[in-house]
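> this one's sequence-less:
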């Protein structure tokens, strides 16, 4: 996740409020949910473990440790294998007190009884008002407990190499049709130049694209899940990108965040990037020589619809086995609501805060030097306003994402299509829920 931020008006936070309602918040609690644990403060010095993937978070933790000698935090970066590391620790009974967990992973890990309910701590329930409402609904599963505190969100936009677009006489695309036309013009002018890349092993990114087109993958009603991963709206997105892949107008050999990806951008082989708010620091930190060449604009839309999508965003969860809830709540609250902490997280790690205090951060209202001093966070704020709040994550999302990625990789290699990948996601969602005795049917 990335870096920057100045004062955003209340509209920005309200904007962020319009992003997601987690499926888990409308569904019944899975059997085996951890009940509210004790919130007794420790009688001596406490050391907490906190695992995360955010660049620069060690400096944020160091600031806390300097101010809180009796509640020290040891940080571990698990960006190389976030959920594998967490899963192995849970199996071994050695999970940390706190860990970063994405919104889309919350329902899956909840079925694994991975969290402890911190609602016994009055400070945990009182902090609710400090967060954008939709994020709290996701992390508390609609108010059934306090399992995590929201940290950041990922409203999407289009990152554009302005110099390349200008060189080839291209206007900034407002719709996906215009974007496809730009892709053809660029590739015709220079066969080594692609408008972007399609990472077939990134289901979360693809889900953000589906989200934008109101392609709801799940609904919970009538005491059962209705699975619509292969809806007409989803197919429209899949067919669009399939055409770009078949025409070799987008690259499919690059993994997001990889050295190869940055090399392709460094060599001016790719002219844009479809990404989220937290990605703004990636280019700044990894491609410093391209400062002033990038702009961030609204993501292309489907026709006249202003809808946008969300990719990513995380919480800091209270993990199973946590025996220091009182201290964990204090640190977690500071980490995700304190203006000084939020500003540092944004500067170093590029987090787009889920806390309403984010509206007071100067960096979110100022221009960003790397991006021509443009007020890029105004773009993300507008994106947040236009995100469908009814989009839901399923209780077996991790399993579904793996199936989707596997099928997308085959499609990118010429074995099947992205529509086949949607069908695989649909079938996997239904089977995985059935295997866990979760009522589910194919939706319309």
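Nice, I can see it. Just so it is clear, the model here is predicted, and its values are computed rather than measured.
> Which helix runs longest in this protein?
When secondary structure is assigned using DSSP state H, the longest helix within the chain turns out to be helix 418-435.
> Pretty sure residue 269 sits against residue 192.
Yes. Applying C-beta atoms under 8 Å, one finds residue 269 in contact with residue 192, separated by 5.9 Å. C-betas here are computed from N, CA, C, even on glycine.
> So between the two, which is more surrounded?
Taking neighbours as other C-beta atoms under 10 Å, residue 269 and residue 192 compare with residue 269 leading, 16 against 9.
> Now do the contacts for the more buried one.
For residue 269, the set of contacting residues under the criterion of C-beta atoms under 8 Å, 6 or more residues apart in numbering consists of 192-194, 251.
> Also residue 114?
86, 90, 95, 317, 319-320.
> rewinding a little: buried sites along the longest helix of the chain?
Of the residues in helix 418-435, those with enough neighbours to count as buried (16 or more other C-beta atoms under 10 Å) are 418-430, 432-433.
> now it: mean pLDDT?
Per-residue confidence for helix 418-435 averages out to 97 on the pLDDT scale.
> Which neighbouring elements make contact with it?
Using 3 or more C-beta pairs under 8 Å, 6 or more residues apart in numbering; DSSP states H and E as the contact criterion, the elements in contact with helix 418-435 are strand 224-227, helix 232-246, helix 397-412, strand 440-442.
> list the buried ones in the third one?
Along helix 397-412, the positions that meet the burial threshold by neighbour count (16+ other C-beta under 10 Å) are 397-401, 403-412.
> Residues contacting that helix, please?
Contact with helix 397-412 is made by 83, 104-105, 107-108, 198, 200-204, 206-207, 229, 242, 245, 252, 394, 416-418, 420-425, 427-429, 432, as judged by C-beta under 8 Å, 6+ apart.
> Try it again at 6 Å.
Applying C-beta atoms under 6 Å, 6 or more residues apart in numbering, the set of residues contacting helix 397-412 from outside is 104, 108, 200-201, 203, 252, 416-418, 420-421, 424-425, 428-429, 432.
> so residue 228 makes contact with residue 443?
Yes. Under the contact definition of C-beta atoms under 6 Å, residue 228 touches residue 443, with a separation of 4.0 Å.
> any weak-confidence spans in the stretch 301-444 of the chain?
In the predicted model, the stretch 301-444 of the chain carries pLDDT under 70 at residues 359.
> can you tell me how far the residue nearest the centre of the chain sits from residue 155?
For the chain, the residue whose C-alpha lies nearest the mean C-alpha position (C-alpha atoms, centre = their mean) is residue 312; its distance is 0.4 Å. Noted for residue 312: a distance of 10 Å to residue 155, by C-beta to C-beta, to the nearest Å.
> How about residue 388, nearest residue that isn't a chain neighbour?
Once its chain neighbours are removed from consideration, residue 388 has its nearest residue in residue 214; the separation is 5.5 Å (C-beta to C-beta, 6 or more residues apart in numbering).
> same deal with residue 403?
When the adjacent residues along the chain are set aside, residue 403 lies closest to residue 428, with 3.8 Å between them (C-beta to C-beta, 6+ apart).
> Same question for residue 109.
On the basis of C-beta to C-beta, 6+ apart, the spatially nearest residue to residue 109 that is not a chain neighbour turns out to be residue 101, at 6.3 Å.
> Surely the one you found and residue 317 touch.
Yes. Contact status for residue 101 versus residue 317: in contact at 4.5 Å, counting by C-beta under 6 Å.
> Compare those two and say which one has the larger neighbour count.
In this comparison of residue 101 against residue 317, neighbours counted by other C-beta under 10 Å, the higher total goes to residue 317 at 31 against 27.
> Any idea what that one is bridged to?
Residue 317 has these beta-bridge partners by DSSP bridges: residue 99, residue 148.
> which residues touch it?
With contacts taken as C-beta under 6 Å, 6+ apart, residue 317 has the following neighbours: 99, 101, 115, 148.
> next one: residue 425
The contact partners of residue 425, by C-beta under 6 Å, 6+ apart, come to 229, 400, 403-404.
> Name the nearest of the buried residues of helix 418-435 relative to residue 297.
residue 418 (25.2 Å; C-beta to C-beta).
> Touching, that closest one and residue 238? I think so.
Yes. Under the criterion of C-beta under 6 Å, residue 418 is in contact with residue 238, at a separation of 3.7 Å.
> name the element residue 120 belongs to?
When secondary structure is defined using DSSP states H and E, no element contains residue 120, which sits outside every helix and strand.
> That one is in contact with residue 146, isn't it?
No. Under the contact definition of C-beta under 6 Å, residue 120 does not touch residue 146, with a separation of 8.9 Å.
> Same drill for these two, tell me which one is more crowded.
A count of neighbours by other C-beta under 10 Å puts residue 146 above the other of residue 120 and residue 146, at 27 against 19.
> a strand runs through that one, doesn't it?
No. Note on residue 146: no strand contains this position according to DSSP: H, G, I helix; E, B strand; the rest coil, which reports coil.
> before we move on, back to that, the longest helix of the chain versus helix 232-246: what angle between them?
Our comparison of helix 418-435 with helix 232-246, counting by axes from the mean of the first three to the mean of the last three C-alpha atoms, to 10 degrees, yields an angle of 130 degrees.
> can you give me how far helix 418-435 is from the chain middle?
Distance, stretch centre to chain centre, for helix 418-435: 22 Å (C-alpha atoms, centre = their mean, to the nearest Å).
> What is the three-state secondary structure of the residue lying farthest from the centre of the chain?
Among residues of the chain, the one most distant from the C-alpha centroid is residue 43; the distance is 37.7 Å, by C-alpha atoms, centre = their mean. State at residue 43, reduced to three classes by three-state DSSP: coil.
> Phi and psi next, for it.
With angles defined as degrees, to the nearest 10, residue 43 shows backbone torsions of phi -90, psi -10.
> any idea what sits nearest residue 125, other than its immediate chain neighbours?
Using C-beta to C-beta, 6+ apart, the closest residue to residue 125 is residue 119 (5.7 Å).
> Ok, residue 260 next?
Setting aside the residues directly before and after it, residue 260 is nearest to residue 254 in space (C-beta to C-beta, 6+ apart), at 5.4 Å.
> which residues does residue 229 contact?
Taking C-beta under 6 Å, 6+ apart as the contact definition, residue 229 lies against 217, 422, 425-426, 429.
> got the residue ranges for the helices in the stretch 151-300 of the chain?
With DSSP state H, counting those that start in this stretch applied, the stretch 151-300 of the chain shows helices at 162-167, 176-189, 203-212, 232-246, 259-266, 280-286, listed in chain order.
> Burial-wise, tell me which of the ones you listed comes out on top.
With neighbours defined by mean count of other C-beta atoms under 10 Å, none of these is more surrounded on average than helix 203-212, at a mean of 24.
> what's the spacing between that one and its chain's center?
Here the centre of mass of C-alpha atoms in helix 203-212, compared against the chain's by C-alpha atoms, centre = their mean, lies 10 Å away.
> cool, and stretch 54-66?
Distance, centroid of stretch 54-66 to centroid of chain: 21 Å (C-alpha atoms, centre = their mean).
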